[in-house]
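> need coordinates for the below:
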Amino acid sequence: MNFIEKLDSIIDENNSLLCVGLDIDKDKIPMFLLNDSKNPYFDFNKSIVDETKDIVCAYKLNMAFYESLGFEGFQILKKTVDYIPKNIITILDGKRNDIGNTARMYAKSIYGNFKVDSTTLNAYLGIDSIKPFLEYKNKCNFVLCRTSNQSAKDFQDLIISNSPLYQIVATKIKQWNQNQDLGAVVGATYPDELKVVRKILGDNIPILIPGVGSQGGDVEKTIKNGTNYEGKMALINSSRGIIYAGKNEDFSVKSKEAAIKTRDLINKYR
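Okay, the predicted model is just below:
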């Protein structure tokens, strides 16, 4: 099946739009794991996946948290991706962007080595920097459109040809999406802009939506503005608020409770 079919299937199977971010952080994971486990970071991820795999539609792994650990981090990243059940969407969040040959190597790393379902890309260099990722079939490339950070407006709100830049990016995503292999990244912290992007993209392009949870994005507005007419085609990401819900031996149970609470809140407005 292609990415859209896989996403649709897991949303129905788990009745969920929740994407959990597996962003490992030495300063946040339970101390007993660091003291007692030979593989604390993988054991942490494994426990979160075991407790939440029937609650989520996707897991997102931000490469920065793994790359900061050096060679060991790449091993943990690969091992975690391989452990995630194959029916669940995997997103490698690297925000890669470069000219042709370098982009091709980035694509080979993400899809050839790690074999994930999707990644995040920066379109600043134009379609040349996107094409190498489109060579991999049945994947989805989420292009940064309207990000969740405060200073996103520095560039993304600039008026170009009578439209804010983020709207032009959304239009390009729709134009480039010839094989159902592109999506957009839009922050939950900008619900009005999210509504505009959904209107531009239509009902059949997925939106990865960070910013719910610790960043304070409004869940009701996010769902109403970001999903399609079926209440689908959106992956609502929450990281810290779920995986670091507990600090003791029952941390994974606390994470499950937080995931259920978030999923049910999302479903309340679908």
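> so where is the stretch 1-150 of the chain shaky, pLDDT-wise?
Within the stretch 1-150 of the chain, not a single segment meets pLDDT under 70.
> helices of that one, start to end?
If DSSP state H, counting those that start in this stretch is used as the criterion, the helices of the stretch 1-150 of the chain fall at 3-14, 31-36, 40-52, 63-67, 71-83, 100-107, 131-134.
> now do the shortest one: everything it contacts.
It stands for helix 131-134. Helix 131-134 is contacted by residues 100, 103-104, 106-107, 110-111, 119, 121, 139, 141, 176, 179, 181-182 when judged by C-beta atoms under 8 Å, 6 or more residues apart in numbering. Placement of C-beta: from N, CA and C, glycine included.
> among these, name the buried ones.
103, 106, 107, 110, 111, 119, 121, 139, 141, 176, 181, 182 (16 or more other C-beta atoms under 10 Å).
> ok, the first one to residue 56 distance?
Applying C-beta to C-beta, to the nearest Å, one obtains 29 Å for the distance of residue 103 from residue 56.
> same question, the fourth one
Relative to residue 56, residue 110 is positioned 21 Å away (criterion: C-beta to C-beta).
> and what of the last one?
Remark: distance between residue 182 and residue 56 (C-beta to C-beta) = 22 Å.
> do the same with residue 155
Counting by C-beta to C-beta, the gap from residue 155 to residue 56 is 32 Å.
> please apply the same query to residue 255.
Per C-beta to C-beta, residue 255 is found 11 Å from residue 56.
> what's the answer for residue 166, then?
Per C-beta to C-beta, residue 166 is found 27 Å from residue 56.
> got it, and residue 144?
For residue 144 relative to residue 56 (C-beta to C-beta), the value is 22 Å.
> pick out whichever of these two has more residues nearby.
Just comparing residue 144 and residue 56: by other C-beta atoms under 10 Å the higher neighbour count belongs to residue 56, 27 against 22.
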